[in-house]
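Q: Curious how this folds, go ahead:
(2 chains)
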Amino acid sequence: MSNKTDYHQFIDNEEGWVDRRIFWEEEIYEQELKQIFAKSWQFIAHDSMIPNANDFYTTYMGEDGVIGARQKDGSVRVFLNSCPHRGNKFCFADEGNTRSFICNYHGWSFGIDGKLGALANEHVYDEGDIDKEKWSPRQARVETYKGLIFATFDQDAPSLDEWLGDFRWYLDMMFDNDGETEFINGGIKSYANSNWKFGVENFIGDAYHALWNHDSGLKAMNNGEGFGPAVQDGSFHASVNGHGWEFGTDGYADVIIGGSEKWKNYVRDIIKPKIKDKYGELRSNIFGSLASVSLFPNISFLPGIQTFRVWLPRGPKKLELRIFTVVNKNMPEEIKQEINNACMMTFNPAGVLEMDDGENWEGNTQVNKGYLTRQEKLHYGCGITREIEHEELPGIIYKGQFNDANQRHFYTRWADLMNADSWDDVPTRYKPRHTTTK
Amino acid sequence: MTNSTEQSVTPASMELTFEVQQFLYKEARLLDTEEFHAWLDTLTEDIHYWMPYRYQYYRKNQTEPTVNDMAYYNDDMHNLKRRVLRNDTGTCWSEDPATRASHVISNIEVEHTANPDEYKVYSLTTVNRNMNEDEEHLMVGHRTDILRRVDGQLKLAKRKIILDQNIFMNKSLNVFL
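A: Numbers count the residues shown, from 1 in each chain, chains lettered A, B, ... in the order given. Here you go, the predicted model:
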């Protein structure tokens, strides 16, 4: 224990800084794969991406390739996409429908349940050479939240409900505002030469950058009109277990970024009244306001714009971004397409806002080539004394959405997990109101 | 819609093929030199500029993308003008200094269609993008266009671009293909 790295040394929430080496060093990244990605609940797919038996979608948990597959009984299994014989991936398709996967190398086959089945030329194996149950790919734990399928390879991890905790109070207004959600068919995948955390921390709390960095993007979408001045009254940061939601209560700023009158009217006439009935006035004001969200460790979305994305780590200096669009199942097709087009125009590698973000995050990352540069700290002190208690809002609450609070709490959770030998070492840093924790 | 069968098998003349080539080369130059307003003028008002998402599927699962799926571009004139407006705002920080791009257009084939004023044109676009200090990005896309003759001038009415890349291997698609 004595020579173990204490990862809290890389962040300081009193002085408000983060050490740049966490965005660059290989050893820290390897520890992230082990301590963050091999432990955390991660997004695999939306139910609507694999609706039928034998549907599958391939993705990554950390750098571990996995397959998420719909079973005949309707459940989902998630297992490593690596043949236990010599290790090759046994599925190279992004998605599809199949009864089995067959490894190209020697012809070992795997059922949709991930279990090892027939081997090509199986007679070359003698009785007792192989126990197929034992030599099947490792299976993850799978749980779902309102259509979102999550998995973890850590058998000791808390339940998904505990993992999300009181953040469900916020999530409900996105994923259960008017019945079930679905994803638009297809997805966009892209690389950026950025550390994965820069994407996550941008969405977790960085309303600040939007006003300056996305001025041209908003003007493009909003008839030449940019953002108004930063409003700190009635806007907040909320953090739960490293997840973060920054938001205003103005009602429509994010919806306006999408540039669709029809979608804006639908939010006003359908979505907001439903949220008000179901969850009360405050949340009906929050939905659609200037806001952005990340779920620890690497999921983000924008309520009101409806982009949903995962930041997959590809080494400390590169990420793979996977982008989807969330709509409600019961929306008219026309509204679904208004949202789909709005997401395409704004948050996509060709989007008029996203094009500026990638530039920033690559720059943030690549400057750390400089030995001296990466010894410098990064400032995370905005709004450091602004923590409040709020009668309605659960989680750790800060006043003013122009704030680094959610980012600070993200990195605190990061350090908590990086240090932890077991889940007993991971503190619950907020006071749950709606969740019973272990 | 006159005599479409006969027209569809009539090969494009050298003169038409040459005219189409010159149209596409000029378009490439306008994009390389960032003359985006002049480029918009080469499009019909009902332009559909489409670059659908791309996944890799098993051959047995292969499907064609539809306009209702995720896409990089699925633009009408209104949306293309928005993209051009972004560059005009003066606050488009990531394009200052400017991106340098070269479009190489090749493999051009011209076909008549059922509409005597419209031609189907296949081409390959190879775009080399260089930006910032030393970032280089190569994109190769298969284009299927509909060119329409309007008042004697060729204009682009439809474009579908299928990129070779499965994962788009760069941070941004900041050039038209």
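
Q: Might you name the residue of chain B sitting closest to chain A?
A: B:Lys171 (3.0 Å; Cβ to the nearest Cβ). (Each C-beta comes from the backbone N, C-alpha and C, glycine too.)

Q: Next one, pLDDT for the closest residue to that residue other than its chain neighbours please.
A: With sequence-adjacent residues excluded and distances taken as Cβ to Cβ, 6 or more residues apart in numbering or on different chains, B:Lys171 is closest to A:Gly358, at 3.0 Å. You'll see A:Gly358 listed with a pLDDT of 95.

Q: Show the subsequent helix or strand relative to whatever helix or strand A:Gly358 lives in.
A: Applying DSSP states H and E as the criterion places A:Gly358 in helix A:354-366. Using DSSP H and E, the helix or strand that follows helix A:354-366 in sequence is strand A:377-379.

Q: Can you list the strands that that next one pairs with?
A: strand A:17-19 (antiparallel) (DSSP bridges).

Q: Any stretches of the stretch 151-300 of chain A with poor pLDDT?
A: For the stretch 151-300 of chain A, no stretch has pLDDT under 70.

Q: Run through the strands of it in chain order.
A: For the stretch 151-300 of chain A, applying DSSP state E, counting those that start in this stretch gives strands covering A:181-183, A:188-192, A:236-240, A:243-247, A:291-295, A:299-301.

Q: Can you say which of those strands is nearest to A:Gln337?
A: Nearest to A:Gln337, of all those, is strand A:181-183, at 13.2 Å by Cβ to Cβ.

Q: what's the closest non-adjacent residue to B:Met139?
A: B:Met139's closest residue in space is B:Val127 (Cβ to Cβ, 6+ apart), at 4.6 Å.

Q: Bridged to that neighbour, which residues?
A: Here B:Val127, judged by DSSP bridges, has bridge partners B:His103, B:Met139.

Q: how much space is there between it and A:Gly242?
A: 40 Å (Cβ to Cβ, to the nearest Å).

Q: pLDDT score for residue 56?
A: Here I'm looking at chain A. Note on A:Phe56: pLDDT of 98.

Q: hmm, I had chain B in mind actually
A: B:Gln56 is assigned 96 on the pLDDT scale.

Q: okay, now residue 130: neighbour count?
A: Looking at chain A here, since you left the chain open. 16 (other Cβ atoms under 10 Å in any protein chain shown).

Q: ah, no, chain B please
A: B:Asn130 - counted by other Cβ under 10 Å - has 13 other residues nearby.

Q: and if you look at A:Leu282?
A: Neighbours of A:Leu282 (other Cβ under 10 Å): 15.

Q: What strand or helix carries the closest residue to it other than its chain neighbours?
A: Distances taken as Cβ to Cβ, 6+ apart put A:Glu392 closest to A:Leu282, at 5.5 Å, once the chain neighbours are dropped. Using DSSP H and E, A:Glu392 sits within no helix or strand.

Q: so how far is A:Ile204 from A:Glu392?
A: A:Glu392 is 21 Å from A:Ile204, by Cβ to Cβ.

Q: just the strands in chain B please.
A: Using DSSP state E, the strands found in chain B span residues B:43-52, B:71-75, B:100-112, B:118-131, B:135-150, B:153-163.
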